[in-house]
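Sharing a model prediction with you, sequence too.
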Amino acid sequence: MKHFIKAALVIGALTLSACTNADRFDNADAVDLNAQNGLNTPVNIDQTGLGGANDPSSPQFFSQTIGDRVLFEVDTSTLTAAGRATLDGQAGWLATNSDYLAVIEGHADEQGTREYNLALGARRANAVREYLVSKGLAASRIRTVSYGKERPLEVCSAESCYAQNRRAVTIISIGQNS
Amino acid sequence: MMTKLMTAIAAMMIALVSVTAAQAQEPLRLTLRDGVIEALPFAIPNFQAEVAGSEQMAADISRVIAEDLNGTGLFRQIQSSAFISTPAGFGSPIEFADWRAINAQALVTGAVAVNGSQVTVKFRLYDVFSGAEMGEGLQFAGTTDGWRRMSHKVADVVYSRITGEAGYFDSRIVYVAETGPKDDRAKRLAIMDYDGANVQYLTDSSAIVLAPRFSATGDRILYTSYDSGFPRINVLDVANPQGRQQLTTAPGDMAFSPRFSLDGRQVIYSLINGGNTDIYRTDLATGQNTRLTNTPAIETAPSFNPDGSQIVFESDRSGTQQLYVMSANGGEPQRISFGNGRYGTPVWSPRGDLIAFTKQESGRFHIGVMRTDGTEERLLTSSFLDEGPTWAPNGRVIMFGRETQGENGTTALFSVDITGRNLRRVSTPQGGSDPSWGPLQR
């Protein structure tokens, strides 16, 4: 959960830096963008276009409220019922917020050889992509990348961690729909 | 006598030498105890400094030769404190009785001369029990910064004369150097001597890099990089690591697990398209791509046999990862692995006789070998996570990556001989994974 919040904050910070220029801060020294109260304090920052977790069009809403990831069983790329429900939410959000593009990152846990896990991560990312496309999203808006077992979120060598690492994460960014 | 010695050592290197065979070699005292083979004792008096100021270099070269031989597990150095006499000078008559008395079976003598930036190394090898020189004395000359290579070359000749097989000491390893915690690993390509000396970094850690593979001549390296944001295959020139080229693949495709053909003109690799991983071959000059497998299963980790006519690879088409052999042009493959568990990352031995692989069974990982038809499977290692075998150029030793369990898990390179003996950690400055063993250098 700690990682989850951190990831959401990083996405918020990245979006902020992508949408604003440094000279839009009244006092750049006064605000720590990575501190939680910094993101929620409107005093020194023009937050137009950023919003918070309560703004349904915000990236935070996407990652926190809808959920940016789905988890998989060992050595499978089959979407679970919970996964499909999350993806229904993602599809709806992406349909509404049509200026966002998505990259689906597929990941595997450490139980497996490097090559196989790269291929497995690609299967997982593709399962998500195909589901989103089946819900009416343009295939051109969604790319996939596999990290195999290279980017674990949780580091213990136990099922409690493995379950969090067997994931496909939808990373959204504002881009041109080509 | 020399033939007998060679035969004895050659036999020693095979997994299950019968006790009868060992007894037949009684004069050489290669004894088997409960299947464990006693290493051959050898003596290497410090090489003589032929020119004043060469003493340190002479000592260093002698030490590296001894380390090479000791490191095989087939030889055991006799410490100099046990020596009864030392040769008066290089080429002086050898008092074989003095060496027999301390049970040295092989004796290496040598001399080193440093002149400015040039160094010359001369050596001779003796079979102590027959009191005869094995082969002619040899001399290597080069620059002083190449002294380790010259030491390895001497050790390769000694190894080769005693075992009847090519050595592997004057060779290099390319691998992935790893630093940082498990959830924020930084990976760089690194190249080093086979024994971990002279590490140099070929890439920075700005992008994930995986699974480098030497060309047969050792002058180029294929590897997988995320420098484009997606896994793609790069080729780099060892002499000019900045000059790298990306293998042409269609936008949106991911490519990984490359290997060169023997002539270095073709690359076999895995391409992911629409979530499905198949094996392709591409011609580096023309960019022409040929698809070699075409199933909805995961096909990856292709490796050529030594003559380039066949490819061994892994596929989960049966439901789990298993090993298959197909023609280098594709076509219907033959499954060769049938044991319990999952088999991956097959690599054909440079001798052509064996295939090394990673096996997962009951939550453990193993490095193993089998005949190319899948028979005579033997597991050489067992740990929480062993993977990615690579062969020494003589096909006698396998190096691989080992990762330890848990949140503080670390990676390291290990080697083991094909009998499963002599498991050793390879010295690297940081963590290491995905080794690829290059050819003997010229």
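Looks like it arrived, so ask away. Residues are numbered from 1 along each chain as shown, chains lettered A, B, ... in the order given.

Show me the shaky parts of the chain.
Reading this off chain A. Applying pLDDT under 70 to chain A picks out residues A:1-51, A:176-178.

my bad, the chain I had in mind was chain B
In the predicted model, chain B carries pLDDT under 70 at residues B:1-36.

Identify the residue of it closest to chain A, quick one.
Taking CB to the nearest CB as the measure, chain B has B:G275 as its residue closest to chain A, at 2.5 Å. Where you see a C-beta, it was placed from the backbone N, CA and C, and this is true even at glycine.

ok, that residue touching A:R123?
Yes - with contact defined as CB atoms under 8 Å, B:G275 reaches A:R123; the gap is 5.0 Å.

any common contacting residues for these two?
Common neighbours of B:G275 and A:R123 are listed as A:S77 (criterion: CB atoms under 8 Å, 6 or more residues apart in numbering or on different chains).

In chain B, which residue is most central in space?
B:A392 (2.7 Å; CA atoms, centre = their mean).

Pull up the gap between the closest residue in space to B:L222 that isn't next to it in sequence and A:Y131, please.
The shortest distance from B:L222 to any non-neighbouring residue, by CB to CB, 6 or more residues apart in numbering or on different chains, is to B:P258 (4.1 Å). As judged by CB to CB, to the nearest Å, B:P258 and A:Y131 stand 31 Å apart.

Those two: who's more crowded?
B:P258 (23 against 20; other CB atoms under 10 Å in any protein chain shown).

Quick one: name whatever helix or strand follows the host helix or strand of that one.
Taking DSSP states H and E as the definition, B:P258 sits inside strand B:254-260. Per DSSP H and E, the first helix or strand lying C-terminal to strand B:254-260 is strand B:266-273.

Just give me how far that next one sits from the chain centre.
Relative to the centre of its chain, strand B:266-273 is centred 24 Å away, using CA atoms, centre = their mean, to the nearest Å.

is chain A contacted by it?
Yes - contact between strand B:266-273 and chain A, assessed by CB under 8 Å from any CB of the partner chain, occurs at B:S270, B:I272.

so what strands line up beside that strand?
Using DSSP bridges, the strands paired with strand B:266-273 in its sheet are strand B:254-260 (antiparallel), strand B:276-283 (antiparallel).

export those strands to TSV and tack on distance to B:D170?
Output for the strands paired with strand B:266-273, formatted as TSV (distance: least, CB to CB, whole Å):
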stretch	distance to B:D170
strand B:254-260	21
strand B:276-283	31
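
For chain A, which segments are assigned as strands?
A:69-71, A:100-107, A:142-148, A:167-174 (DSSP state E).

Touching stretch A:139-146 from outside, list them.
Stretch A:139-146 is contacted from outside by A:94, A:100-107, A:118-122, A:124-126, A:128-129, A:132-133, A:177-178, B:229-231, B:252, B:254, B:272, B:275, using CB under 8 Å, 6+ apart.

any idea what sits nearest residue 156, other than its immediate chain neighbours?
In the absence of a named chain, chain A is used. Excluding the flanking residues, the one nearest A:C156 by CB to CB, 6+ apart is B:E407, at 5.3 Å.

Correction: the question concerned chain B.
Closest residue to B:D156 apart from its sequence neighbours, by CB to CB, 6+ apart: B:G167 at 3.1 Å.

can you tell me the helix or strand for the one you found?
Residue-wise, B:G167 maps onto no helix or strand under DSSP H and E.

Now the phi/psi pair for it, please.
The phi/psi pair for B:G167 (degrees, to the nearest 10) reads phi -90, psi -170.

Also B:R161?
Note on B:R161: backbone dihedrals following degrees, to the nearest 10 are phi -70, psi -30.

That one contacts B:M134, doesn't it?
Yes - B:R161 is in contact with B:M134 according to CB under 8 Å; the separation is 4.9 Å.

Quick check: neighbours shared by those two?
Shared contacts of B:R161 and B:M134, counting by CB under 8 Å, 6+ apart, come down to B:L125.

Name all residues that make contact with the nearest residue to B:E299 once chain neighbours are set aside.
Computed as CB to CB, 6+ apart, the closest residue to B:E299 that is not its neighbour in sequence is B:T293, at 4.2 Å. By CB under 8 Å, 6+ apart, the contact set of B:T293 is B:D278, B:I279, B:E299, B:F313, B:S315, B:M326, B:G330, B:P333.

And what about B:T293, helix, strand or coil?
What DSSP: H, G, I helix; E, B strand; the rest coil gives for B:T293 is coil.

chain center to stretch B:172-182, what's the gap?
Centre to centre, stretch against its chain (CA atoms, centre = their mean), the figure for stretch B:172-182 is 17 Å.

Okay, helices next: where are they in the chain?
I went with chain A, as the question did not name one. Assigned by DSSP state H, the helices in chain A fall at A:2-19, A:36-40, A:59-60, A:81-96, A:114-134, A:159-165.

that answer is for a different chain, and I need it for chain B
So, for chain B - with DSSP H - the helices run B:2-12, B:19-24, B:55-71, B:96-101, B:147-163.

In chain A, what residue comes closest to chain B?
Residue nearest to chain B within chain A: A:N126 (2.5 Å; CB to the nearest CB).

tally of neighbours for the residue lying closest to that residue once chain neighbours are set aside?
Closest residue to A:N126 apart from its sequence neighbours, by CB to CB, 6+ apart: B:G275 at 2.5 Å. By the criterion of other CB under 10 Å, B:G275 has 24 neighbours.

I'd like the distance between B:G275 and B:P296.
9 Å.

And the strands of chain A: which comes nearest B:Q242?
strand A:142-148 (25.5 Å; CB to CB).

Now do the domain split for the chain, please.
Here I'm looking at chain A. Domain assignment of chain A by automatic domain parsing yields the ranges A:1-52, A:68-178.

Let me rephrase: I mean chain B.
If you go by automatic domain parsing, chain B breaks into B:2-163, B:171-440.

coming back round to it: quick one: contacts for the residue nearest to A:C156?
Counting by CB under 8 Å, 6+ apart, B:E407 has contacts A:V155, A:C156, A:S157, B:K182.

Output the set of residues of the stretch 201-350 of chain B in proximity to chain A.
B:208, B:210-211, B:229-231, B:252, B:254, B:256-257, B:270, B:272, B:274-277, B:298, B:300-301, B:314, B:316, B:321, B:344-345.

Buried among those? Make that a ChimeraX selection.
A single ChimeraX command selects the buried members of these (16 or more other CB atoms under 10 Å in any protein chain shown):
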select /B:208,210,211,230,231,254,256,257,270,272,275,276,277,298,300,301,314,316,321,344,345
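
What residues does B:I208 make contact with?
By CB under 8 Å, 6+ apart, the contact set of B:I208 is A:Y147, A:E150, B:K187, B:S225, B:Y226, B:P231.

in the sheet, who's paired with the fourth one?
B:S225 has these beta-bridge partners by DSSP bridges: B:V209, B:R232.

ok, now which ones touch it?
B:S225 touches B:T203, B:A207, B:I208, B:V209, B:L210, B:P231, B:R232, B:I233, B:N234, counting by CB under 8 Å, 6+ apart.

For those, which two are the farthest from each other?
B:T203 and B:P231 (14.4 Å).

wait, what's in contact with A:A82?
So A:A82 contacts A:V70, A:L71 (CB under 8 Å, 6+ apart).

if we go to 6 Å?
A:A82 makes contact with no residue, according to CB atoms under 6 Å, 6 or more residues apart in numbering or on different chains.
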